[in-house]
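# Starting from these lines, generate the structure:
(chains A and B)
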Amino acid sequence: MRSARFRRTRRASAVALVSALTLTALAACGTSSSDNDGGASDGGGSSDPSAPLDPKTKVTITIDCMPPAAKAAELKEWKEDVKEFNKTYPNVTIEGRSTPGQCLEPPRFTAMLKAKSQPDVFYTYFTDLPQVLDHDGAEDITAYVNDKTVPALKDIDPNVLGTLKHDGKLYGLPTSNYTMGLLINRKLFKQAGLDPDAPPRTWAEVRTAAKKIADLGDGIAGFGEYSAANTGGWHFTAQMYSIGGEIVDASGKKAAFNNELGKQVVKNLRAMRWEDDSMGKTQLLKWGDLQKQIATDKLGMFLAAPDDIAYMAQQLGAKYENFGMGPIPGEKATLAGGNSYMIKKGISSDKIKAAVAWLNFKNLTVGKGQFDWERTKADGLPVGVPQPNFWLNESKTKDDAARSEHATMPVENFKTFMDNPVAGKAEPPKAQEIYKVLDNVMSGVLTNKDADVDKLLSTAESQVNQILANQ
Amino acid sequence: MSAPSLTQSKAGPPRHSQPRETSRATPGGSFAKSLRRNLTAHGFLIGAVLCFAFFSWYPMVREFFLAFQKTEAGETTWVGLDNLRTVFNDPAFWQAWRNTLLFTVLALVLGFVVPFVVAIVINEFHHGQGYLRLLVYLPVMLPPVASVLLFKYLYDPGYGLLNEVLGIFGVPEQQWLQDADLSMLSVVIAATWMNMGGAALIYLAALQSIPGELYEAAELDGAGLLRKIWHVTIPQTRLILSLMLLMQIIATMQVFVEPFLLTGGAGPEGSTTTVVYLIYQYAFNFNNYGAAAALGLLLLVLLAGFSAAYVRLSRAEDE
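Now for the predicted structure:
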């Protein structure tokens, strides 16, 4: 009897334990989204959205992309900036959230929007705006952003701000931007008898230089291109833009690359890959592969954004002085992009004002936050990469001067890129779906010696038309 | 006192033989009694049921609804068959199905036959079977990414080991992953190497359960090795072979990791684009969860239909 009671008690305890553990696990699996207006959000500031944040306002904002502990110097700067910011706004609490690795991974970002679990201030790529609007995820901040709340507003490149607008409404503030150029390995240029201070400016010059570099042997490729994971289509687009072509016509309903310009791009690649043998044997490359090749002196050139240099130096152990940059060959136009912060739809007016005040301090003030180059250098971080590059007028003069003064790398290596700005152009509509199709053009020509250029382009054209008709 | 329910049901008469009238006479009382008697079992089940409900059943039901919905500007609306239309109109749709079927066929030819043959060979060894089993199972223990990187290196046309070795025998350089005609076969070879260990061990266990007398009788009848395999081994392992075939078809139709890592997903001219890779593209690159769910539903229907037909055929055969 006693034994039976004991058994029953033990069973009951076990059941309770299992149930408790299960419920705990389920609770832990749940996402914790920030409160939409959080009790403390109404800090009693002015109700006029165009008025700057009242320093007495008591409010807490959550923000992502705080540097992780592994990036000790960046994290230290973040904390210093919060402290400095709090001198003006002592009652604003900045709750940073950090992510190991990339701040934004597209699958995670999409899931976050679906779950509406983004923090009050969330990091985005320029190209994310349609997706964010589809999910009704961002606040229209047009009324909150003016020359009182963002004093340097007039000096921000209007093209950059334009990428964050929809129907004339502003949905984000930029943190960085880029235009694609030609990244070169200076060491290989010198070895091949080329002038590293004068990167190729036309595609014909690229072909000649690539051949000379590939002739060095030892598995070295002169020019590299992507052809997988939608990045091939992305670079095909950049090449089309560079010679004055388009991917989609003005109506946005028809493909516009199956023409002489499109053929020129593909034939040039075919010539380099199969006639000159200057693009290496390994193809189906995607983002990250070419960076590894050029960082290990196995590649002479490829199309890249300036921040690739920082990635290669910081992540792959390459040396800054080994790289140089020129504008995209052809120079008619180039792909432009960047990243920004948006503000979660539905949060209180005070929170929005606090967010704008923080973003202005951290990312949009020359000499402060991310533009405090003196501090960046003192912390052992790179200074001199031509990115962000969104300042105009007086702000640009000041920022360029500070960047040169505190540069930790030979900035003259990027002079050709800086002195020859090429107009930036946004990605086409349905970009990723079109890139998927154009990947086949790139992989076709780079993996098949006998690829039929006309057929590759006409097949891609009809497929892109199908995608555009299906919007 | 309350003894464990398993003991009770074992001790009592079989449930189906209980008179139906009894349970009908006092349905409430019987249910309450049964609930009380099995309270402990139900308590233990709660955890598993909740986990399945939240993480398996709910997502499945949600996927079904998603396949007929679209979210734009924060508004989710019912769109009928629009997502299916989107999927059918995708230029990569039929190519993805062709590639998936090609992968399945090649994976069956290689991935079904090779482990069976390997199991037969290992079974013939009287010494070192443990070592051989470990050897065959070792690739399964490797993380898939590591295995795939290994094959990426083997296949590389520039510095790959495979071309180097074949070159010794005068075989010209092959573009394993970069040739649209060879890429899928190359993926299948890698997938077979990575995954065959588990199947080989299951076949080996089935082979070892075949009574030795059957082989002795076959030998007395003058059967050679091939006849013994045909007349003894295959009939004796038919059940396990059938089950493995079904499971392998279901698994191979959902191939994703190998082409994703080996060829970047699409491969040369889209030659390794599979259905699941297309689903991945819809969900995470095109932000079109509706189309992803619709394509997932199509795959589910196909696999469920195939499984049902297969089970029906097997039953008919048994009868």
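# Up against chain A, what does the stretch 151-300 of chain B have?
Where proximity means CB under 8 Å from any CB of the partner chain, the interface of the stretch 151-300 of chain B facing chain A comprises B:156-159, B:175, B:177-180, B:263-270, B:281, B:283-287, B:289. In this view, the C-beta of every residue, glycine as well, is placed from N, C-alpha and C.
# Separate out the buried members of the residues you listed.
Buried subset of those (neighbour count, 16 or more other CB atoms under 10 Å in any protein chain shown): B:156-157, B:175, B:177-180, B:263-270, B:281, B:283-287, B:289.
# Tell me the spacing between A:G217 and chain B.
12 Å (CB to the nearest CB, to the nearest Å).
# in the sheet, who's paired with the spatially most central residue of chain A?
Compute the mean C-alpha point of chain A, and by CA atoms, centre = their mean the closest residue is A:G338, 4.6 Å away. Following DSSP bridges, A:G338 is listed with bridge partners A:N177.
# just the one 5 residues further on next, same as before
For A:I343, the beta-bridge assignment (DSSP bridges) gives partners A:V121.
# contacting residues for it?
The contact partners of A:I343, by CB atoms under 8 Å, 6 or more residues apart in numbering or on different chains, come to A:120-122, A:138-139, A:141, A:172, A:351-352, A:355-356.
# Out of the residues of the stretch 151-300 of chain B next to chain A, which sit inside helices?
B:Y289 (DSSP state H).
# Quickly list the domain ranges of the chain.
Just going to use chain A. Per the record, chain A has its domains at A:39-170+A:337-364, A:181-333+A:427-469, by automatic domain parsing.
# look at chain B instead
Annotated domains of chain B cover B:24-56, B:93-272 [automatic domain parsing].
# what's the least confident stretch among these?
Of all the domains of chain B, domain B:24-56 carries the lowest average pLDDT, namely a mean of 81.
# Show me the shaky parts of the stretch 351-471 of chain A.
Across the stretch 351-471 of chain A, residues meeting the criterion (pLDDT under 70) sit at A:471.
# about what we covered before: determine which stretch of the domains of chain B is the most buried.
With neighbours defined as mean count of other CB atoms under 10 Å in any protein chain shown, these peak in mean count at domain B:93-272, which reaches a mean of 17.
# which of the residues in the helix or strand harbouring A:T208 are buried?
Using DSSP states H and E, the element containing A:T208 is helix A:203-214. By neighbour count with 16+ other CB under 10 Å, helix A:203-214 contains the buried residues A:203, A:205-214.
# Let me know the closest of those residues to B:I210.
A:A214 (60.3 Å; CB to CB).
# which residues touch that closest one?
A:220-222, A:276-280, A:300.
# burial measure for the closest residue to A:T142 other than its chain neighbours, as a count.
Excluding the flanking residues, the one nearest A:T142 by CB to CB, 6 or more residues apart in numbering or on different chains is A:L170, at 4.5 Å. By the measure other CB atoms under 10 Å in any protein chain shown, the count of residues near A:L170 is 19.
# What's opposite A:L170 in the beta bridge?
Here A:L170, judged by DSSP bridges, has bridge partners A:K165.
# got it, and A:F223?
A:M301.
# Quick one, grab the pLDDT at it.
So, for A:F223, pLDDT stands at 98.
# Looking at the buried residues of helix A:203-214, which is nearest chain B?
A:A214 (12.2 Å; CB to the nearest CB).
# Among the domains of chain A, which one carries the weakest average confidence?
Among the domains of chain A, domain A:39-170+A:337-364 scores lowest, with a mean of 90.
# How about the residues of the stretch 351-471 of chain A by chain B?
A:430, A:432-433, A:436-437, A:439-440, A:443-444, A:447-448, A:456, A:462-463, A:466-467, A:469-470.
# now, which of the residues you listed lie within helices?
Per DSSP H, these map to helices at A:432-433, A:436-437, A:439-440, A:443-444, A:447, A:456, A:462-463, A:466-467, A:469.
# Run the contact check for stretch B:31-45 versus chain A.
Yes - with CB under 8 Å from any CB as the criterion, chain A is reached by stretch B:31-45 at B:40, B:43-44.
# Could you tell me which of those residues belong to helices?
B:40, B:43-44.
# As a check, name the ranges of all helices in the stretch 101-250 of chain B.
B:129-141, B:144-155, B:161-168, B:183-208, B:212-220, B:225-228, B:234-236, B:238-252 (DSSP state H, counting those that start in this stretch).
# Could you do the stretch 201-350 of chain A as well?
Counting by DSSP H, counting those that start in this stretch, the helices of the stretch 201-350 of chain A are A:203-214, A:231-242, A:260-270, A:289-295, A:307-316, A:349-363.
# Which of these sits closest to A:P196?
So among the helices of the stretch 201-350 of chain A, helix A:203-214 is nearest, using CB to CB, at 10.4 Å.
# Measure how far the direction of that closest one deviates from that of helix A:260-270, in degrees.
In terms of direction (axes from the mean of the first three to the mean of the last three CA atoms, to 10 degrees), helix A:203-214 departs from helix A:260-270 by 10 degrees.
# residue in the stretch 51-200 of chain A nearest to chain B?
In the stretch 51-200 of chain A, the residue that lies nearest chain B is A:D136 (2.4 Å; CB to the nearest CB).
# ok, A:N360 - how many residues close by?
Residues near A:N360, counting by other CB under 10 Å: 22.
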